[in-house]
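# What follows is a predicted protein model with its sequence.
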Amino acid sequence: LLIKTIMYFSPHPDDEMTSAGTLAKLIKNGNTVYVVVYTSGNKGSRDLDMTSERLAWIRKRENIEADKILGIPEENIIWLGYDDGMLEYVPEKELCEKVCRLIRKYRPDAVFSLDPGSNWMQWHKTDHRMSAFITVDGARAAAYHLYFPHQRIYEGLQPYTVTDYFFYDSREPNYKVDITDVAELKFQAMCKHVSQFGKGNRKYTGPEMDPADKERIRKRVFKKDPDGRIYEKFRRLQESLSF
């Protein structure tokens, strides 16, 4: 069994749920998964009694518990901590440097990112747009030692080239993963995000999800293709994204 390292770049503390089945399957097969979360998710609530500080704490706990179900330990979640909705206003060089450093440090065999698009830019909502582009920009920079050379000089981080990308939430999928056998894990993980998926977004009353919301998520997760299987779809790109 060839053990590989996977890095998953997520704009918010719940976006890896898009690929939760694939991540669970990777971990079951012995791979190591790291999740990089760009923002704290500290704005995404319609509860008028909620504060940004409390929401950030709630969403961090939800993410830790959800990822634990998939097999991702808390120490494998990397929090960059930017404000929700503000990622596009962070200096791009700062973000690119951070992604480049993480790629060089962890040297992943595959990177998961929102899809920036192939021939045309794909539209995403705020934070998702910046995440899609800055992830591949940082990964490309990681391959060349003259980008952010201080990382090599002072930290010993050598250049590293990523050659396998799985772009999620893609309008141009060309690759699918059968998650039928881990769909229950995906469902359980999604149910941990009470503040986001259902009534808890309008009025947060605690960490237990409303039964009606659970049922709605169950129907969504267990929706089958015509062949009777459940899939997650990606645009897979196997090249270096170099010049």
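Here it is on my side, so go on. Keep in mind that what you see is a predicted model, and the values were worked out from it rather than measured.

# where do the helices sit along the chain?
With DSSP state H as the criterion, the chain has helices at 20-28, 52-70, 92-106, 128-142, 150-155, 183-190, 211-221.

# where in this protein is pLDDT low?
1-2, 243 (pLDDT under 70).

# Would you format the helices of the chain as JSON lines with distance to residue 36 included?
Yep, even glycine has a C-beta here, placed from its N, CA and C like the rest. What follows is the helices of the chain, written out as JSON lines (distance: least, CB to CB, whole Å):
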{"stretch": "helix 20-28", "distance to residue 36": "13"}
{"stretch": "helix 52-70", "distance to residue 36": "12"}
{"stretch": "helix 92-106", "distance to residue 36": "6"}
{"stretch": "helix 128-142", "distance to residue 36": "8"}
{"stretch": "helix 150-155", "distance to residue 36": "16"}
{"stretch": "helix 183-190", "distance to residue 36": "18"}
{"stretch": "helix 211-221", "distance to residue 36": "24"}
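
# a markdown table for those helices, including mean neighbour count?
Listed next are the helices of the chain as a markdown table, based on neighbours: other CB atoms under 10 Å:
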| stretch | mean neighbour count |
| --- | --- |
| helix 20-28 | 23 |
| helix 52-70 | 19 |
| helix 92-106 | 19 |
| helix 128-142 | 23 |
| helix 150-155 | 12 |
| helix 183-190 | 22 |
| helix 211-221 | 14 |
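
# Out of those helices, which is closest to residue 241?
For the helices of the chain, proximity to residue 241 was assessed by CB to CB; helix 128-142 is nearest, at 4.8 Å.
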